[in-house]
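**Student:** Below are the sequence and a predicted model; questions follow.
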Amino acid sequence: MITATKIAGMGIHYRYFSRSYMLEAQKSVGFSSIELYCGEPHIHISSEGIADEKEVIKDIKDSGLQVICVTPDNCMSPWQYAVRGDTALQETKRYFLSTLDLALTLQCPRVACHSGWGMRNESEKEAWLRSLHFFEWYAEQAADRGIILVMESLREQESNLVNSLPRLKRYLKELDHPSVQPMIDTCAMAVAGETLEDWFNAFEGNIQHLHFIDGTPYGHLVWGDGNRSLTDYIETLNKFGYQGYLTQELTDNRYYVDPKEADKKSFKAICQQLD
């Protein structure tokens, strides 16, 4: 059964607040764990490494929050998995290695990822193969550190590679590496016309992680701000015996002014369904 300890915060919507404020706010809301988003203004990572790394690690450890997933900023060029060009590829590899090492230091067992994307005016096959080749390397790096890469699908507007459940199944079959496992983003899932049942059935219950948010179906919204049935979602997760975390990946700019209040609302809505 899903419990409140499995609801994880995430700091994307604290984009106008400091790292210390974000950590303290999410702890005060009731989260005991977070998915650590490695983006500005909380963490700066480049191909040269993590800025102020010791301070970052100290702040996170001092917060008392358990980091259950590390998520690099991977939706803006050049940091993406189907990157083109040798120089960009080498810099991208160093960038993503830093996130694996950060996860290892924080004793976090998983790092989130996706397939990346190709140029719309290039051969899709070429981009698909570039992404696969990257993950052949990346998966080995994760395995060496005892980390699982959890891969989500993206929306069709975001990627022309893995943007649906069938495409993720195909991708993971072709990659065939135990260190890369499926996760669900309920926004991408719903936009593609898919359901939680579809995903759990397709992977025989092997869903390793969830970005668990409301939507219309677009948007990464607080529960209650969209039109999904939270009751049905929780019932489905319990039916399939899901034991993972439910990350509140809130990205809509309506939450930027008071992100703590958004967290409170979403956390409370889910907890009410667990009674």
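**Tutor:** Great, that's in hand.
**Student:** what's the neighbour count on residue 155?
**Tutor:** Using other CB atoms under 10 Å, residue 155 is surrounded by 17 other residues. (Glycine included, C-beta is placed from N, CA and C.)
**Student:** and if you look at the one 5 residues further on?
**Tutor:** Neighbouring residues of residue 160 were enumerated by other CB under 10 Å; the total is 19.
**Student:** Centre-most residue in the protein?
**Tutor:** residue 112 (4.6 Å; CA atoms, centre = their mean).
**Student:** Tell me the buried residues in whichever helix or strand residue 268 is part of?
**Tutor:** Here residue 268 sits within helix 259-274, counting by DSSP states H and E. Residues 259, 260, 262, 263, 264, 265, 266, 267, 270 are the ones in helix 259-274 that count as buried (16 or more other CB atoms under 10 Å).
**Student:** same deal with stretch 222-239?
**Tutor:** So for stretch 222-239, counting by 16+ other CB under 10 Å, buried means 222, 223, 225, 226, 228, 230, 233, 234, 236, 237.
**Student:** with the residues you listed in mind, which one is nearest to residue 150?
**Tutor:** Within the buried residues of stretch 222-239, the smallest distance to residue 150 is 16.0 Å, found for residue 237 (CB to CB).
**Student:** so what's that closest one scoring on pLDDT?
**Tutor:** Per-residue pLDDT puts residue 237 at 97.
**Student:** Show the contacting residues for the residue nearest to it when sequence neighbours are not counted.
**Tutor:** Leaving aside its chain neighbours, residue 237 sits nearest to residue 2 (5.6 Å; criterion: CB to CB, 6 or more residues apart in numbering). Residue 2 makes contacts with 234, 237, 238, 242, 246, 274, as judged by CB atoms under 8 Å, 6 or more residues apart in numbering.
**Student:** before we move on, what about residue 95?
**Tutor:** Taking CB under 8 Å, 6+ apart as the test, what residue 95 contacts is 45, 46, 47, 72, 79.
**Student:** still on that earlier bit, just checking, which of the buried residues of stretch 222-239 belong to strands?
**Tutor:** The strands, defined by DSSP state E, take in nothing from the buried residues of stretch 222-239.
**Student:** okay if I get the residues you listed as CSV plus distance to residue 142?
**Tutor:** Formatted as CSV, those follow (distance: CB to CB, whole Å):
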residue, distance to residue 142
222, 32
223, 31
225, 34
226, 33
228, 31
230, 32
233, 29
234, 30
236, 29
237, 26
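**Student:** so which of these comes closest to residue 141?
**Tutor:** Using CB to CB, the buried residues of stretch 222-239 come closest to residue 141 at residue 237, 30.7 Å.
**Student:** ok, that closest one - contacts?
**Tutor:** Taking CB under 8 Å, 6+ apart, one finds 2, 196, 210 in contact with residue 237.
**Student:** What residues are bridge-paired with the residue lying closest to residue 199 once chain neighbours are set aside?
**Tutor:** Spatial nearest neighbour of residue 199, chain neighbours left out: residue 184 (5.3 Å); criterion: CB to CB, 6+ apart. Counting by DSSP bridges, residue 184 is bridged to residue 210.
**Student:** Angles on the backbone of residue 63, please.
**Tutor:** When read as degrees, to the nearest 10, the backbone of residue 63 gives phi -70, psi -20.
**Student:** tell me the pLDDT at residue 77?
**Tutor:** pLDDT for residue 77: 67.
**Student:** actually residue 74, not the one I typed
**Tutor:** Residue 74 is assigned a pLDDT of 89 by the prediction.
**Student:** tell me which element it is part of?
**Tutor:** Counting by DSSP H and E, residue 74 is part of no helix or strand.
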